[in-house]
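Novice: please work out how this folds:
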Amino acid sequence: MKLPRYKQLHQKLKNDILSGHYTEGSLLPSENTLSAEHKITRVMVRQALSALEQEGYIARRQGKGSIVCAQQPALGLLSFRGFSEVVGETEHQPKSIFLQKPILSDWDSDFFFNVSAEEEEAGCIMIGRLRQVDSQPVMLEYTYLPNIGIPSFTDKKWVQNSLFRTLYHHYQIEITNVDQRIWAISAESDVSGFLGIAVGSPILHIQRQYGTNRPDYFVYSSLYCNTDHYAIGTIIK
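Specialist: Reported below is the predicted structural model:
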């Protein structure tokens, strides 16, 4: 689905800011210039600028124009550490809401990673969670655990609302690495509602296979990330 033209401009300007084309403190082109360059009305330009202002990318000053603000705070969510652990170390408040509590299930026929014959036969435990930071929905996550060597998982009490801590506490399973694939996509209706964004809005889709300290035991996740308020970053050391 093609985005409305003001949203196309909004996305282009946001990408230019995030890529460093426009740096903190610099001015965006004037409304007249943007209108002429992109062949859209000034009303549409103002809609795009208003959206950027609401997201904290710019500050609009009468007589000066649109000033680029400091980049959004980044959450280190590309690491293989857990959401609660990563966000809990910042000044932000994490919260996870269960959309689907752990439930035994078959694997989808078109599951996003290849699973072994043993995993296929055992089935999986599926979990659906909406992740929030400071009450803003930032991530929709579906997690799949092979139903192998984790007896009674669906009945276990979670440790500090963390899947990884729960796996370690009850089964001594520790996450050691992650193989992840990332795409920029447009939000469809089954995702946009949870993330509080319009259908067609740009989001990140991440598919992960977590390795563990248990040979041949993997944890799988499919995540949809809304970066309107927070960048999804990591620190490489």
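Novice: quick one: the strands in the protein?
Specialist: Under the criterion DSSP state E, the chain contains strands at 58-61, 65-68, 74-75, 94-105, 124-133, 136-146, 175-186, 202-212, 218-225, 231-232.
Novice: report the beta-bridge partners for residue 27.
Specialist: residue 67 (DSSP bridges).
Novice: wait, what's in contact with it?
Specialist: Taking CB atoms under 8 Å, 6 or more residues apart in numbering, we find residue 27 in contact with 64-68. Heads up, the C-betas are built off the backbone N, CA and C, glycines and all.
Novice: just send the strands of the chain back as CSV, with distance to residue 114 too.
Specialist: Below are these laid out as CSV (distance: least, CB to CB, whole Å):
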stretch, distance to residue 114
strand 58-61, 44
strand 65-68, 44
strand 74-75, 29
strand 94-105, 18
strand 124-133, 14
strand 136-146, 13
strand 175-186, 12
strand 202-212, 9
strand 218-225, 10
strand 231-232, 26
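Novice: residue 117 is nearest to which of these?
Specialist: strand 136-146 (11.5 Å; CB to CB).
Novice: picking up where we left off before, by mean pLDDT, show me the worst of the strands of the chain.
Specialist: In terms of average pLDDT, strand 74-75 trails the rest of these, at a mean of 58.
Novice: chain neighbours aside, what residue packs nearest to residue 188?
Specialist: residue 199 (6.7 Å; CB to CB, 6 or more residues apart in numbering).
Novice: who wins for proximity to residue 30 among the strands of the chain?
Specialist: strand 65-68 (6.0 Å).
Novice: from what I see, the residue nearest to residue 188 and residue 7 are in contact.
Specialist: No. The pair formed by residue 199 and residue 7 falls short of the contact definition of CB atoms under 8 Å, at 11.3 Å.
Novice: of those two, which one has the most company?
Specialist: residue 7 (18 against 13; other CB atoms under 10 Å).
Novice: for the more buried one, give me its contacts.
Specialist: Counted by CB under 8 Å, 6+ apart, residue 7 has contacts 48, 51, 200-201.
Novice: fine by me, thanks again.
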